[in-house]
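Participant: Turn this into a structure:
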Amino acid sequence: GDSWGIFTFLCAALCNLPALPALNCSEELGAGQSIQQTYDLTRYLEHQLRTLAGTYLNYLGPPFNEPDFNPPRLARAERVPSATVDLDLWRGLTDNARLAANYRAYSRLLCYLRVLDGQVGTAELRHRLTHFCASLQGLVLSIGGVMSSLGYPLPAGPAGPPTPPSTPAAPNDFLKKMDDFWLLKELQTWLWRSAKDFNRLKKKVPPAVVTLRLEARGF
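Facilitator: Prediction:
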């Protein structure tokens, strides 16, 4: 009948089509996946840090483990990258500038955490810090992957893994604990803001394109 004739015509037309090149969607797919994975890792690190910070602040003891303890940021703490930036100013930056700031900040925060890891006195806390450092190293690499997938250059810096900074020792035990307190506090704020950054960024990247490859085949 007519239906069979139309079907036969379409089959013949498809068989005689030249092979159509598949659309190249690897860049969009790679960027979208990379951003989603980085967002997921950031949220995981937020959850991980809540547990780690509680354990570490108990290790430091009072007043650092008291819920209402909110000391002023000392000059020594200025060496730790601060996430205290006006939100409107931060959102006004380009995606490249925000990604580069995140990449540099986590690279430096990781250096300080590794120093911390070598100083704690309990095996359980060392294990948790080592695990967290490995996850944070993964976040640095993941942010680098996002930048590459979007065509942004990585921030200039030495090749290879970050090395611990040469920081003068705190003059007393209380100031040393204050340094540790501010490190965790800034890291918590960075992760909170980064999660928002990557959530917005993944909405800006177009969804992955599904392509259909047609090839001419003979019978």
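
Participant: which ones are touching the closest residue to P155 other than its chain neighbours?
Facilitator: Of all residues not flanking P155 in the chain, A100 sits nearest, at 4.7 Å (CB to CB, 6 or more residues apart in numbering). In this view, the C-beta of every residue, glycine as well, is placed from N, C-alpha and C. Shown in contact with A100 (CB atoms under 8 Å, 6 or more residues apart in numbering): M147, Y152, L154, P155.

Participant: The same query, at a cut-off of 10 Å, please.
Facilitator: For A100, the contacting residues are L93, T94, I143, M147, Y152, P153, L154, P155, A156, by CB atoms under 10 Å, 6 or more residues apart in numbering.

Participant: ok, now V120?
Facilitator: By CB under 10 Å, 6+ apart, V120 lies in contact with Y56, Y59, R126, H127, R128, L129, D180.

Participant: so how far is Y56 from the last one?
Facilitator: Going back to what we said before, that points to D180. Plainly put, D180 is 7 Å away from Y56 if you go by CB to CB, to the nearest Å.

Participant: overlap in contacts of those two?
Facilitator: By the contact definition CB under 10 Å, 6+ apart, D180 and Y56 are jointly contacted by F64, L116, V120.

Participant: What count of nearby residues applies to D88?
Facilitator: Residues lying near D88 (other CB atoms under 10 Å) number 7.

Participant: Of the shared contacts of D180 and Y56, which belong to helices?
Facilitator: Among the shared contacts of D180 and Y56, the residues falling in helices (DSSP state H) are L116.

Participant: Now pLDDT and distance to L49 too, for the shared contacts of D180 and Y56, in a markdown table please.
Facilitator: Compiled in a markdown table, the shared contacts of D180 and Y56 are given as follows (pLDDT from 0 to 100; distance: CB to CB, whole Å):
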| residue | pLDDT | distance to L49 |
| --- | --- | --- |
| F64 | 92 | 15 |
| L116 | 83 | 13 |
| V120 | 79 | 15 |
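
Participant: still on that earlier bit, confidence score at the residue nearest to P155?
Facilitator: According to the prediction, A100 has pLDDT 95.

Participant: and what of the one 3 residues further on?
Facilitator: You'll see Y103 listed with a pLDDT of 96.

Participant: what about the nearest residue to it once chain neighbours are set aside, helix or strand, and which?
Facilitator: Excluding the flanking residues, the one nearest Y103 by CB to CB, 6+ apart is I143, at 4.8 Å. Using DSSP states H and E, I143 sits in helix 123-149.
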